[in-house]
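1. Predicted model and sequence follow; I will ask about them next.
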Amino acid sequence: MAVSGQIAGVVMIIEFIFGATTAIALGRSVHSFSWGRYTDGVIGGIGGLLFTWPSVRIPGVGRFIGHHANGLTATMVVGAMIAGLVGGLVLILFAGFIKVLLKGE
């Protein structure tokens, strides 16, 4: 695995962890939106990974995600944390909203 691939892997792990953590925290706070701790974590982690693609295209945010060809920088780590957090939050809110609609609460 090339160095660029290793850096991309580290960034993806950070995004997944922060997305999962955010979703679990929200699920524990808002019980009607929770699908269960593990499911919330998976949903949030996937959301953290998915948010990376549109976040690069948002003006002013793309520079925080950066290009991993120059190596892993502190800015990229913080950008991955923020992208994971926001992506996990958005996807768990969407999934929770779907759950509430299906339950009819």
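-> Everything's here; your move.
2. C-alpha only now, for contacts and for neighbours.
-> OK.
3. Show me the shaky parts of the protein.
-> By pLDDT under 70, the low-scoring segments of the chain are 1-4, 55-70, 105.
4. ok, now with 80
-> Along the chain, the parts satisfying pLDDT under 80 run over 1-8, 52-73, 75, 104-105.
5. Of all the residues in the lengthiest helix in the chain, which ones are buried?
-> In terms of residue count, the longest helix belonging to the chain (DSSP state H) is helix 74-103. For helix 74-103, burial by neighbour count (16 or more other C-alpha atoms under 10 Å) applies to 76-93, 95-96, 99.
6. Tell me which residues touch the residue nearest the centre of the chain, please.
-> Per C-alpha atoms, centre = their mean, the C-alpha nearest to the average position across the chain is that of residue 48, at 1.5 Å. For residue 48, the contacting residues are 15-20, 83-88, by C-alpha atoms under 8 Å, 6 or more residues apart in numbering.
7. Residue 38 too?
-> residue 24.
8. what helix or strand does it sit in?
-> helix 37-50 (DSSP states H and E).
9. Just the angle for that helix relative to helix 74-103, thanks.
-> 130 degrees (axes from the mean of the first three to the mean of the last three C-alpha atoms, to 10 degrees).
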